[in-house]
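Colleague: attaching a predicted model along with its sequence, questions to come.
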Amino acid sequence: ADHTYDYDVLIIGSGPGGYVAAIRAAQLGLKTACAEGRETLGGTCLNVGCIPSKAMLHASEYFDAAANGTMASMGVEVTPKLNLEAMHAQRRDAVTSLTGGIEFLFKKNKVDWKKGYATFQDAHTVKIGDETVTAKDIVIATGSSVTPLPGVEVDNDKGVVVDSTGALELAQVPKKMVVIGGGVIGLELGSVWRRLGAEVVCVEFLDEILPGMDGDIRKESRKIFKKQGIEFRLSTKVTGVTVKGKTATLTLEPSAGGEAETMTADCVLVSIGRKPNTKGLGLEAIGLEPNNRGQIAIDHDFRTSVEGIWAIGDVVPGPMLAHKAEDEGIAVAENIAGQTGIVNHALIPSVVYTWPEIAGIGLTTEQAIEQMGGDKAKVKIGKFPMMANSRAKTNHEPDGFVKVIAEAESDRVLGVWAIASVAGTMIQQATQAMEFGATSEDIAYTCHAHPTHSEAIKEAAMAVQGKPIHI
Ligand code: FAD
Ligand code: NAI
């Protein structure tokens, strides 16, 4: 250790980026501390994000399968009774056990947890509460928080106008919930409350939900959600929300401008995106200025423009995803330790954990064609419906399809997209294949276990070749 400083490395923030960076740095022999302002470790993901949302999605999926006739169609006849308190309790248990797990890992790896919000004094010194801590290298992993909608005030305690944190904790099932934003949070949390009995209307500014995903996938998933009872108002913006007692009144307008209308609801979820956390960090003290999107700019090695200061996760450009933050956490620690830490940012999978799941890796069809100079003939596409996959059909999961996108000339896979009950798990094989530079032929001629949902990826790859078997 360098005795000029208290620590070799200080990580600010203990989300998936920060806690992973801290553990890896300690594993590499660096004296490491991690500052966290929250009461518990694990950041957005473990406390109010990935984990509690999946706990509610999983539990509400069971309720829905019992309530919507899926279980009865398999000969299991039950009338479900919702115990929302117990559902919330198992959500809290999942969070407590996982955040406690990080605390255990910190102790095991001798990472010091500095409790409190950190503010830079200079490039090697931060203040955390009353304590001053110095470190040779400092990693900013402060994550992100909810983007507010101008003119709309969120009050999670009251439960009428909520953000994702409030929507995880509603004490009662709303009669009518309006979700502002047809992105990942709106669809996941909208699904939870729809399944538990709420009428759900999703208002999306753009002309389609799930921006950034493959065009076919966006359209098909909206059709599936509609079938499940979610109503969509596309190309529509919310311009204001007023609350009287337990009722919210929303003002809606066509995105392109036009006549306004109003809609009432007993719950409104604001889910229009997240913004990087840089306020209060004292960046001015080290001469670091966020870019025009509020993010901290970094180079390929996760270095900021200030010597000794690094940044990873939601606070830097790129998709705001836990696994991306984690991989960056490992890479930044390795770089600080003098090794070569790399993240392949072209291959970060994205998954929406609805029913069915929606997942993708690599380029969308639209991006692939654009990369080929707009020449559609240079891209080959193979699709396979889940309806024709034996396992999905047997499991009463007919919705969705797999799509493999390859470069026509080389046959190299450029992207894979899927809507399927277990698409999030299926997408990993495609990610690995692409990481190894696979062609669609490589996937088509790889033996896949039968009967599995993953066979649909093999068949979609065969479809690129022009010869699937089961359709
Ligand atoms: P964060 O997890 O945001 O952690 C940053 C931490 O830094 C926070 O705990 C904060 O308190 C702390 N901090 C901030 N400033 C300071 C300071 N000055 N001093 C000390 N501490 C500070 N991603 C997925 O990949 N899969 C999912 O299923 C998924 N589901 C989600 C569901 C919801 C409802 C939400 C909101 C997000 C979800 N995400 C999901 C996104 C995921 O949570 C983030 O991408 C991830 O948490 C980013 O990790 P991070 O380490 O960069 O930051
Ligand atoms: P998002 O960026 O996914 O979606 C926001 C949506 O709101 C967009 O479709 C956008 O067009 C729309 N919108 C913006 N302004 C609007 C307005 N005024 N009126 C109506 N619609 C408007 O953001 P979201 O859902 O809030 O999630 C934030 C981030 O959290 C995600 O981008 C993702 O990175 C992360 N996340 C990831 C999950 C996962 O991996 N499964 C789950 C939940 C969140």
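Modeller: Here it is on my side, so go on. Ligands and ions are numbered 1, 2, ... in the order given.

Colleague: near ligand 2, which residues of this structure?
Modeller: 149, 180-186, 188, 203-206, 211, 237-238, 271-274, 319-321, 351-353 (CB under 6 Å from any ligand atom). All C-beta spots, glycine's among them, are computed from the backbone N, C-alpha and C.

Colleague: can you flag the buried ones in these?
Modeller: Neighbour-count burial (16 or more other CB atoms under 10 Å) is assigned, among the residues of the chain next to ligand 2, to 149, 180-186, 188, 203-206, 237-238, 271-272, 274, 320-321, 351-353.

Colleague: so which of those residues belong to helices?
Modeller: Assigned to helices by DSSP state H, the following of these qualify: 184-186, 188.

Colleague: and ligand 1, which of those contact it?
Modeller: Near ligand 1, by the rule CB under 6 Å from any ligand atom, you find I185 out of these.

Colleague: pick the one among the ones in helices among the buried ones among the residues of the chain next to ligand 2 closest to P468.
Modeller: Closest to P468 out of those is V184 (30.4 Å), distances taken as CB to CB.

Colleague: find the nearest non-adjacent residue to the closest one, please.
Modeller: In space, and not counting its chain neighbours, V184 is closest to V352: 5.4 Å by CB to CB, 6 or more residues apart in numbering.

Colleague: wait, isn't that neighbour in contact with L187?
Modeller: Yes. Here V352 lies in contact with L187, judged by CB atoms under 8 Å, at a distance of 6.0 Å.

Colleague: identify the contacts common to the two.
Modeller: Here V352 and L187 have 210, 221 as joint contacts, going by CB atoms under 8 Å, 6 or more residues apart in numbering.

Colleague: what residues of stretch 387-404 count as buried?
Modeller: Neighbour count says stretch 387-404 has 388-389, 391-392, 395, 397, 399-404 buried, by 16+ other CB under 10 Å.

Colleague: could you list the buried residues of stretch 194-207?
Modeller: 194-196, 198-206.

Colleague: identify, from the ones in helices among the buried ones among the residues of the chain next to ligand 2, the entry nearest to ligand 1.
Modeller: I185 (5.2 Å; CB to the nearest ligand atom).

Colleague: looking at the buried residues of stretch 194-207, which are in strands?
Modeller: The strands, defined by DSSP state E, take in 199-203 from these.

Colleague: now for these: which two are most distant?
Modeller: E199 and V203 (13.7 Å).

Colleague: how about the residues of the protein by ligand 1?
Modeller: Contact residues, the chain versus ligand 1 (CB under 6 Å from any ligand atom): 12-18, 35-38, 43-45, 49-50, 53, 117-118, 141-144, 164, 185, 277, 280-281, 313-314, 320-323, 325, 353.

Colleague: can you tell me which of these are buried?
Modeller: Members of those classed as buried by 16+ other CB under 10 Å are 12-18, 35-38, 43-45, 49-50, 53, 117-118, 141-144, 164, 185, 277, 281, 313-314, 320-322, 325, 353.

Colleague: from those residues, which ones fall inside helices?
Modeller: Per DSSP H, those map to helices at 16-18, 43-45, 50, 53, 164, 185, 322, 325.

Colleague: at the geometric centre of this structure, which residue sits there?
Modeller: L321 (4.7 Å; CA atoms, centre = their mean).

Colleague: what's near enough to touch that one?
Modeller: Contact partners of L321, counting by CB under 8 Å, 6+ apart, are 348, 350.

Colleague: likewise for the one 10 residues further on?
Modeller: Taking CB under 8 Å, 6+ apart, we find A331 in contact with 302, 312, 341-343.

Colleague: once you drop chain neighbours, what's closest to the residue of the stretch 1-150 of the chain at minimum distance from ligand 2?
Modeller: Nearest to ligand 2, among the residues of the stretch 1-150 of the chain, is L149, at 5.7 Å (CB to the nearest ligand atom). Closest residue to L149 apart from its sequence neighbours, by CB to CB, 6+ apart: V270 at 5.2 Å.

Colleague: these two touch, right, that neighbour and D163?
Modeller: Yes. V270 lies in contact with D163 (CB under 8 Å); the separation is 5.4 Å.

Colleague: okay, those two: which has more neighbours?
Modeller: In terms of neighbours (other CB atoms under 10 Å), V270 is the more surrounded of V270 and D163; the figures are 26 against 23.

Colleague: circling back to that earlier point, now, the most widely separated pair of the ones in helices among the buried ones among the residues of the chain next to ligand 1?
Modeller: Spanning the widest gap among these are G18 and I185, at 21.5 Å by CB to CB.

Colleague: can you lay out the contacts of A331 as TSV showing neighbour count?
Modeller: Converted to TSV, these look like this (neighbours: other CB atoms under 10 Å):
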residue	neighbour count
F302	26
I312	34
G341	19
I342	13
V343	20
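
Colleague: now tabulate the residues you listed in a markdown table and tack on secondary structure.
Modeller: Output for those, formatted as a markdown table (DSSP: H, G, I helix; E, B strand; the rest coil):
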| residue | secondary structure |
| --- | --- |
| F302 | coil |
| I312 | coil |
| G341 | coil |
| I342 | coil |
| V343 | coil |
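
Colleague: looking at these, spot the one nearest K127.
Modeller: Nearest to K127 among the contacts of A331, with distances taken as CB to CB, is I312, at 21.6 Å.
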